[in-house]
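>>> Got a sequence here, can you model it:
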Amino acid sequence: MSIQEAKKVFLIEEQGLASVRERIGDEFIKAVERILDCPSRLVITGIGKSGIIGQKITATLNSTGTPSFFLHPVEAMHGDLGMVMPTDVVMAISYSGETYELNALLASLKKRGTAIIAMTGGLRSTLAKASDIVLDIGVPREACPLGLAPTASTTATLAMGDALSVVLQNRKQFQISDFRENHPGGSLGERLKVKVGEVMLTGDLIPAIHRDEPALKAIQILNEKNIGAVIIVNGERHVTGIVTDGDIRRYVVGDLGFQDLRAGDIMTADPISIDGEILAADALSIMQRHEITVLPIVDHKRALVGILHLHDLLGKGEFRFLV
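Model prediction:
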């Protein structure tokens, strides 16, 4: 019984997210443009559960390149309003749009001429009417059987905040190196400061094979090393190609036999490779840009000296994102 109840909660929240997703439109675009045009900061405000979600959205925005801070509505009315600059943009979160403390704050902000973005399910609410832009986070119903505890609505609010953060991040062309600078105390930030040569696999751990050896041996090494790729080299260990799990799948789907093939016959020639002196952060950017998870590491003569897998960059679960 409890498992079915839990699954029902997931279903209701999924339906809520789908409903909000389908209604994203011009107001979202306006919100993005207004935030991008802001010469100072984005101020997030809300109270109760909305305030908690607002604090998480603030943290995500800050770590992905949009300067923000959270302002508690009650504290704002008792002096903290002085933190808001005339050039700031305020994003106010209230599902009902009728939160007294929040609307009282907005009245003061309106007098200052501050731009206000509302995130609400109450499209005809006091909050919506007082705002310049309204982001609709209305959901069909809450997962709470009483319809009282914010559940599906807070999930939708969080997702809308994530959508804003990611779109803004893309528009600002925020890169891995920028993320690292914003996370100097995190273990990921520390790991990305090192050179590739310090985290690459070397020696017997490198899955490598001569291009003239049987393709079946390449598959065997692929299984043994279990990092998703085999590097193909010539007699001087110069990198000439790479065989990935995807290459093998394409041959299997095409019903092409491996018995008479050589490793060089199934490889992708001239794979992207990097120098061991490159920073891990830059290697991660290369992987992201080319949508790959493995990079051969070569010396100045293009001889293979190591291999770098995405998991080795990220610490195989040893790190955590501090967002």
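>>> And whichever strand or helix holds L158, how far out from the chain middle?
Taking DSSP states H and E as the criterion, the element that holds L158 is helix 152-171. Taking CA atoms, centre = their mean, to the nearest Å, one finds helix 152-171 lying 11 Å from the centre of the chain it belongs to.
>>> What are the boundaries of the helices in the protein?
2-23, 26-37, 49-63, 73-76, 100-112, 126-130, 152-171, 176-182, 187-191, 215-225, 245-253, 263-266, 280-290, 310-314 (DSSP state H).
>>> Just give the number of residues close to the closest residue to A130 other than its chain neighbours.
Leaving aside its chain neighbours, A130 sits nearest to L106 (4.9 Å; criterion: CB to CB, 6 or more residues apart in numbering). Just so you know, the C-beta spots here come from the backbone N, C-alpha and C atoms, and that holds for glycine as well. Residues lying near L106 (other CB atoms under 10 Å) number 23.
>>> Wait, L106 touches K129, no?
No - applying CB atoms under 8 Å as the test, L106 and K129 come out as separate, 9.9 Å apart.
>>> coming back round to it: could you redo the helices of the chain as JSON lines and give each row mean pLDDT and distance to D136?
Below are the helices of the chain laid out as JSON lines (pLDDT from 0 to 100; distance: least, CB to CB, whole Å):
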{"stretch": "helix 2-23", "mean pLDDT": "94", "distance to D136": "5"}
{"stretch": "helix 26-37", "mean pLDDT": "96", "distance to D136": "7"}
{"stretch": "helix 49-63", "mean pLDDT": "93", "distance to D136": "15"}
{"stretch": "helix 73-76", "mean pLDDT": "90", "distance to D136": "21"}
{"stretch": "helix 100-112", "mean pLDDT": "90", "distance to D136": "17"}
{"stretch": "helix 126-130", "mean pLDDT": "95", "distance to D136": "9"}
{"stretch": "helix 152-171", "mean pLDDT": "95", "distance to D136": "9"}
{"stretch": "helix 176-182", "mean pLDDT": "61", "distance to D136": "30"}
{"stretch": "helix 187-191", "mean pLDDT": "57", "distance to D136": "34"}
{"stretch": "helix 215-225", "mean pLDDT": "86", "distance to D136": "49"}
{"stretch": "helix 245-253", "mean pLDDT": "72", "distance to D136": "40"}
{"stretch": "helix 263-266", "mean pLDDT": "86", "distance to D136": "51"}
{"stretch": "helix 280-290", "mean pLDDT": "82", "distance to D136": "32"}
{"stretch": "helix 310-314", "mean pLDDT": "73", "distance to D136": "36"}
